[in-house]
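S.K.: I need the structure of the sequence given here:
(chains A and B)
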Amino acid sequence: MAEEKKTPEQLAQVQYTRPGYKWMDPKVEFKKGSYNYGAVKENAEYMSLPYPRKWQPFDADWNLPDNWQEIIFEGMRERLDRFRSFRVFMDICVRCGACADKCHYYIGSGDPKNMPVLRAELLRSVYRNNFTAFGKVLGKIAGSRPLTIDVLKEWFFYFYQCTECRRCSVFCPYGIDTAEITMMARELLNLVGINIDWIVTPLANCFRTGNHLGIQPHGFKDSIDFAVDELEELTGVRVEAPINKKGAEILFVAPSADYFASPHYYTLLGYLALFHEIGLDYTWSSYASEGGNFGLFHSAEAMKRLNSKIYMESKRLGVKWILGGECGHMWRVLHQYMDTINGPANHLEEPVSPITGTRFDNAKSTKMVHIMEFTSDLIKNNKLKLDPSRNDHWNVTFHDSCNPARAMGLLEEPRYVIKNVCNHFHEMPENTIREQTFCCGSGAGLGTDENLEMRLRGGFPRANACKYVHDRFGVNILLCICAIDKATLPPLLEYWVPGVEVGGIHEMIGNALIMKGENERATDLRGTPIKEVAEGKEVTEDV
Amino acid sequence: MPTFTHGDVSIEVDEDGFMEDPELWNDEIAKALATTEGVDELTEEHWKLVHYLRDYYLKFGIAPMIRKLCKETGFPLKKVYELFPSGPAKGACKVAGLSKPTGCV
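M.R.: This next block holds a predicted model:
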């Protein structure tokens, strides 16, 4: 990557002109920086996926099974019968184009096949050709295409250039869920052994050890213990972080990156401080040690297998309900699929906050509450002592992570919390936040190094909106509630908007939280001196 | 699968140059891998980082938390990037013969 890295000025030169070929002609160039590596054979085998083999997208021969077309057609037939939404989404689109310029990948690449409508047409054209009478009779005139190897390669290329963020769906007059189309396409590709490593390796890791990173129980404990020690050094308060504690009231599940990567780690410190301060009777689990679920990016079956550990563990530990951390796509799985694929969780109770008595009716069926709902309720009921001035060195903006925003409507809670723990908060332009939030450009399993150029292109609209508040208000940190965001936004912002850090909301809570028996805080959770930095910065007015 | 050759060293690596079989790792391989990371000579500080990673890996089967790595080696993250320009995961882990961390990282 390093030798051919483009400058931001070069990458921002996007051509939105008509390409010199017709959309029905499949045309894919596997250029470094715009695709992901194929799945590692051993991990595909571990997950019992079809046709595991050594394979890379740039190989001329994909070494497909002889009857690969039949397999795809049978897979389509099965899914058209099984998922009514799939058939509706194949039939209903009138190609109005409302979605065309809403996709971050289209905006950042100018490639027409990244218009959601056209990306979906890549699949629809085959559907028409093989599953509709008019398509069979009228052929090309009706927008039909036969399934050739080049069409399959095109599916791979473009359906792994969709982050399933669903921004386009917000603008679709029919409400076509483009993420579901991508999911179907990826399931079909899986049937003939076409998968990417960044999804399959986390799947295998998670299935084996309980988390995407493959951290084993003793490593998990080592990391949590380290965080407890460091939190004590920072605050003077020794907290407990129980793991696999039977009979705890609440099971807490966070994305594994929270106890591995930075800046996620500071959010972990925030959780630990908060739970201690309110005296929460909770437990971590080394078995259900992953909130995220890369199965969502692969197939319904994989998603179900990974997700099953959460209810299983809640049953084994005998908790009453489950609390979930700052994670993005996890919430699409938990909020929209969990209770039907692995529930009903009759062994759990309807979640009630033990601190405020608030009943979380919205989580009645899943029995799992989002930590932003939980914490905002604590603040609303005056259960936390907060000193927002400890975050005065941070001038913050908030990036709505796609899934909490669009898949569960979590729009107000994060903002309410931020306003209570930070004095300087500025929103990005309104067509780039809330339901219309722009993706980080690296979700749905695409956050790889080999795909970096596409990530920088796809993340450009988000970075551009961030640049606006950075230039105008001096914003120096972008907060988010998703682990993929926390991993992929730092390099994105470093590229497009140097000078803006990335953090979690519970990190800011941890900074502001006045804990009983704490030392005077000299630094924030990152170890940054609070005073010196604040004095060195120009203080901006809120909007 | 690519083979990486440097001097007397010849090992199987993945597309990004990470060792396929971390068990085969030794100091000579580390020196050879370092050249792919723009590190021509491994100094005492490089070795401190590499050996810390290696020891942790042998105990836990994975790299340590980045924060833990920084704290226990005494190198701030910035310093880690100075030593290994592509960072702790891509640079230092590669030289220490660890596999790439995957997921939301």
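
S.K.: hmm, stretch A:51-62 in reach of chain B?
M.R.: Yes. Counting by C-beta under 8 Å from any C-beta of the partner chain, chain B is contacted by stretch A:51-62 at A:54, A:56. C-beta coordinates here come from the backbone N, C-alpha and C atoms, glycine included.

S.K.: what do you get for stretch A:508-521?
M.R.: No. Using C-beta under 8 Å from any C-beta, stretch A:508-521 never reaches chain B; the gap is at least 13.9 Å.

S.K.: quick one: end-to-end length of that stretch, please.
M.R.: In stretch A:508-521, first residue to last residue: 14 Å (C-alpha to C-alpha, to the nearest Å).

S.K.: other residues contacting that stretch?
M.R.: Stretch A:508-521 has contacts (C-beta atoms under 8 Å, 6 or more residues apart in numbering or on different chains) with A:234-237, A:266-267, A:269-274, A:276-277, A:375, A:384-388, A:390-391, A:394, A:396, A:417-418, A:420-422, A:479, A:524-525, A:530.

S.K.: could you rerun that using 7 Å?
M.R.: A:235-237, A:269-270, A:273-274, A:277, A:375, A:384-388, A:390-391, A:417-418, A:421-422, A:479, A:524-525, A:530 (C-beta atoms under 7 Å, 6 or more residues apart in numbering or on different chains).

S.K.: now, of these, which are buried?
M.R.: Buried subset of the contacts of stretch A:508-521 (neighbour count, 16 or more other C-beta atoms under 10 Å in any protein chain shown): A:235, A:237, A:269-270, A:273-274, A:277, A:375, A:384, A:386, A:388, A:390-391, A:417-418, A:421-422, A:479, A:524-525, A:530.

S.K.: residue 79: what's it in contact with?
M.R.: I went with chain A, as the question did not name one. Taking C-beta under 7 Å, 6+ apart as the criterion, A:Arg79 is in contact with A:86, A:184, A:187.

S.K.: neighbour-wise, which of those leads?
M.R.: A:Met184 (25 neighbours; other C-beta atoms under 10 Å in any protein chain shown).

S.K.: name the element that one belongs to?
M.R.: Per DSSP states H and E, A:Met184 falls inside helix A:178-191.

S.K.: now that helix: average pLDDT?
M.R.: The average pLDDT within helix A:178-191 is 97.

S.K.: packing partners of that helix?
M.R.: helix A:68-82, helix A:84-92, helix A:116-131, helix A:149-159 (3 or more C-beta pairs under 7 Å, 6 or more residues apart in numbering or on different chains; DSSP states H and E).

S.K.: output the shortest one as CSV - backbone C-alpha positions only.
M.R.: I take that to be helix A:84-92. Coordinates of the C-alpha atoms in helix A:84-92 are reproduced here as CSV (Å, rounded to 0.1, in the frame of the first residue of the first chain):
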residue,chain,number,x,y,z
ARG,A,84,-40.4,-13.0,1.3
SER,A,85,-38.4,-9.8,1.6
PHE,A,86,-35.8,-11.1,-0.9
ARG,A,87,-38.5,-11.8,-3.5
VAL,A,88,-40.2,-8.4,-2.9
PHE,A,89,-36.8,-6.6,-3.1
MET,A,90,-36.0,-8.4,-6.4
ASP,A,91,-39.4,-7.4,-7.9
ILE,A,92,-40.4,-4.1,-6.5
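
S.K.: okay, buried residues for it please.
M.R.: A:86, A:88-90.

S.K.: that older thread, restricted to strands, list the buried ones among the contacts of stretch A:508-521.
M.R.: With strands taken from DSSP state E, the overlap with these comprises A:Leu479.

S.K.: what residues are up against the residue in the stretch 201-350 of chain A positioned nearest to chain B?
M.R.: The stretch 201-350 of chain A approaches chain B most closely through A:His212 (3.1 Å), counting by C-beta to the nearest C-beta. Contact criterion C-beta under 7 Å, 6+ apart gives A:202, A:205-206, A:256, A:290, A:292, A:294, B:102-104 as the residues in contact with A:His212.

S.K.: so the least confident helix or strand in chain B by mean pLDDT, near chain A or not?
M.R.: Every helix and strand of chain B was ranked by mean pLDDT, DSSP states H and E. The lowest is helix B:87, at a mean of 90. No. Helix B:87 lies apart from chain A when judged by C-beta under 7 Å from any C-beta of the partner chain; the minimum separation is 9.5 Å.

S.K.: after that helix, which helix or strand is next?
M.R.: Downstream of helix B:87, the first helix or strand assigned by DSSP H and E is helix B:93-95.

S.K.: tell me what that next one is packed against?
M.R.: Packing partners of helix B:93-95 (3+ C-beta pairs under 7 Å, 6+ apart): helix B:27-35.

S.K.: what's in contact with the helix it packs on?
M.R.: For helix B:27-35, the external contacting residues (C-beta under 7 Å, 6+ apart) are B:6-7, B:9, B:11, B:42, B:50, B:94-97.

S.K.: buried ones among these?
M.R.: Neighbour-count burial (16+ other C-beta under 10 Å) applied to those gives B:9, B:11, B:42, B:50, B:94-97.

S.K.: list just the nearest of those to A:Tyr105.
M.R.: Using C-beta to C-beta, B:Lys94 comes nearest to A:Tyr105 of these, at 29.1 Å.
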